[in-house]
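**Q** Following is a predicted model, sequence given first.
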Amino acid sequence: MNVVYACSRVFYRLAFTLLFRFRAWGVENVPREGGALLVANHQSFLDPPAVGLALSRVVHYVARASLFRFPFLGWLLREQRAIPIERGAGDLAAIRAAVDVLRRGGLLALFPEGTRSRDGSVGAFQPGFAVVAARARAPVVPVAIDGAFEAWPRWRRVPCWGRVRVMYGDPVPPPEGGKAACVATADEVRRRVVGLLGRLRERE
């Protein structure tokens, strides 16, 4: 863990505690060692730090490549373990980098809806993450995020006060087989994320 990542984690924990009353459940479901995918719904810009905030391990994640074209922001994202990915295309370099993270025993957070929700609901999950899991032979941990949409919806320029909560589910084994197995895994993980989201909302 480098200095920038460590300082960012301290900042995020302070901000999420004070501004968003952050809480997390199911941390024990995240493997303590070895590669694993953290697959979550995507409500807002708050999601990437929220996914890893309750974990002691370093979490890698992907961010759209256009953000890396700004020199300081690109440097900051890389220091925070972000992998650039071209949206709307099969980015083979990003896929290889993601598989490499997992094979080296790292945690990788992905948001397979591909973009932030427009209304807070969970959209379709693209099966690309299941392909990554299959190639790396890494389990998939479903993650539900709730409250981030209300705190920072995509049309708002800055966040507002809110309550952000995260729940980690039981790991799903990587798919065995080809495209059909990957699609089935994507559907199963989405179903579990929706179920976790319902459990979070029951806690209100």
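**A** Received it, and whenever you're ready, just let me know what you need. In this text, all values refer to a predicted model and were calculated from it rather than measured experimentally.

**Q** Check which element follows the worst-scoring helix or strand of the chain on mean pLDDT along the chain.
**A** Ranking every helix and strand in the chain by mean pLDDT, DSSP states H and E puts strand 82-85 at the bottom, with a mean of 84. As assigned by DSSP states H and E, the chain's next helix or strand after strand 82-85 is helix 92-103.

**Q** Tell me the gap between that next one and the middle of its chain.
**A** How far helix 92-103 lies from its chain's middle: 15 Å, per Cα atoms, centre = their mean, to the nearest Å.

**Q** For that helix, give the mean pLDDT please.
**A** Helix 92-103 carries an average pLDDT of 90.

**Q** Which strands border the very next helix or strand once past that helix, and is each parallel or antiparallel?
**A** Going down the chain from helix 92-103, the next helix or strand is strand 107-110, by DSSP H and E. Paired with strand 107-110 in the same sheet, following DSSP bridges, are strand 36-40 (parallel), strand 59-64 (parallel).

**Q** so how far is the longest one off the chain centroid?
**A** In this view, strand 59-64 has its centroid 8 Å away from the chain centroid, taken as Cα atoms, centre = their mean.

**Q** average model confidence for that strand?
**A** Averaged over strand 59-64, pLDDT sits at 88.

**Q** Now that strand: buried residues?
**A** Neighbour-count burial for strand 59-64, counted by 16 or more other Cβ atoms under 10 Å, picks out 59, 60, 61, 62, 63. Backbone N, C-alpha and C define where each C-beta goes, glycine included.

**Q** Next, format those as CSV and append distance to residue 36.
**A** Formatted as CSV, those follow (distance: Cβ to Cβ, whole Å):
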residue, distance to residue 36
59, 10
60, 11
61, 13
62, 15
63, 19
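
**Q** who's in contact with residue 5?
**A** 58, 79, 80, 81 (Cβ atoms under 8 Å, 6 or more residues apart in numbering).

**Q** oh, I was asking about residue 142
**A** By Cβ under 8 Å, 6+ apart, the neighbours of residue 142 are 39, 40, 168, 169, 170, 172, 189, 192, 193, 196.

**Q** Let's see the PyMOL selection covering just the buried ones among those residues.
**A** Those of those that count as buried under 16+ other Cβ under 10 Å are selected in PyMOL with:
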select buried, resi 39+40+168+169+172+189+192+193+196
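
**Q** Low-confidence regions, this structure specifically.
**A** Applying pLDDT under 70 to the chain picks out residues 1, 87-91, 204.

**Q** nearest to residue 28, of the buried residues of strand 59-64?
**A** Set against residue 28, the nearest of the buried residues of strand 59-64 by Cβ to Cβ is residue 59 (16.2 Å).

**Q** in terms of contact, does that closest one touch residue 83 like I think?
**A** No: the criterion here is Cβ atoms under 8 Å, and residue 59 misses it with residue 83 at 11.6 Å.
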